[in-house]
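Engineer: What follows is a predicted structure for the sequence shown.
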Amino acid sequence: MSRVVVVHGIHAAEGQSNVWRLKPYLELQGHSVEVFEYGYTTAFMAYWRNPGVARRLAETHGDAECDYVCHSNGAAVLYLAMSDYGLKAGRASLINPALDSWRLLPGAQYMDIYYNAYDAVVGLAGLLPGNVWGRMGADGWTGPADPTITNIDCANTPFKPRLSGHLDFFTPGKLDVWGRFLAKRHGSTPCNHAF
């Protein structure tokens with residue numbers, strides 16, 4: 001299986017971010033998991049710190065092919081690490097990414113976007129000028145059709161529980177279903193189909 005690096009969003013204390021809760025699901029599928037942390041950060045702090053955090057991510061993981069799972073601002077950090085520092089990835093799963101919905105991760109072979117229209121937080125993220133934040137967590141990928149990108153509309157899936165909001169993926173009960181789903185996709189042959 002693969003080495004998976006998970007990257008948290010803002011307002012997450014060291015060792016207490018939601019992405020830690022994905023670790024057992026990924027390990028159950030045989031993945032080696034590492035949580036990349038960059039400390040408690042507010043939106044204002046992230047605006048200034050993201051380039052340095054992205055550089056550190058690229059420096060510490062640029063020597064190995066990894067998969068990534070990122071929540072919210074973690075997707076912006078991964079994007080900057082790829083676009084500015086050449087970081088590469090197999091599959092990148094972005095959970096409610098605070099990233100412009102048209103941005104392609106330049107170093108990823110495959111992207112899974114977990115989004116729902118009820119994510120109001122990412123709409124606010126794009127209000128600050130001069131950054132990569134945007135509405136991908138609410139709108140999914142809106143760029144041209146690409147067989148390497150799978151949009152997963154978590155509010156309109158053929159299975160339940162459906163998700164609503166920026167953090168609902170991590171809600172107890174829902175996380176068990178979605179965590180298993182995400183972990184299995186990391187071990188599967190990449191595919192692009194509607195959800």
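Structural biologist: That came through, no problem.
Engineer: Give me the secondary structure label for Asp67.
Structural biologist: Following DSSP: H, G, I helix; E, B strand; the rest coil, we place Asp67 in the strand state.
Engineer: Show me what counts as buried in the helix or strand bottoming out on mean pLDDT in the chain.
Structural biologist: One helix or strand of the chain scores below all others by mean pLDDT, DSSP states H and E: helix 121-125, with a mean of 80. Buried residues in helix 121-125, counted by 16 or more other Cβ atoms under 10 Å: 121-123, 125. All C-beta spots, glycine's among them, are computed from the backbone N, C-alpha and C.
Engineer: what do you get for stretch 41-53?
Structural biologist: Buried residues in stretch 41-53 (16+ other Cβ under 10 Å): 41, 43, 46-47, 49-50, 53.
Engineer: Stretch 104-118 now?
Structural biologist: 104-105, 107-108, 110-116, 118.
Engineer: and these as TSV, adding distance to Arg162, secondary structure and pLDDT?
Structural biologist: Converted to TSV, the buried residues of stretch 104-118 look like this (distance: Cβ to Cβ, whole Å; DSSP: H, G, I helix; E, B strand; the rest coil; pLDDT from 0 to 100):
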residue	distance to Arg162	secondary structure	pLDDT
Leu104	27	coil	93
Leu105	26	coil	94
Gly107	31	coil	89
Ala108	26	strand	92
Tyr110	24	strand	94
Met111	21	strand	95
Asp112	17	strand	96
Ile113	16	strand	97
Tyr114	12	strand	97
Tyr115	12	strand	97
Asn116	8	coil	96
Tyr118	10	coil	94
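Engineer: Could you work out the most separated pair of those?
Structural biologist: Taking Cβ to Cβ, the two most distant members of these are Gly107 and Tyr118; they sit 29.8 Å apart.
Engineer: what stretches of the chain score poorly on pLDDT?
Structural biologist: 1, 14, 188-195 (pLDDT under 70).
Engineer: ok, which stretches of it are helices?
Structural biologist: 23-28, 43-61, 73-85, 121-125, 136-139, 174-186 (DSSP state H).
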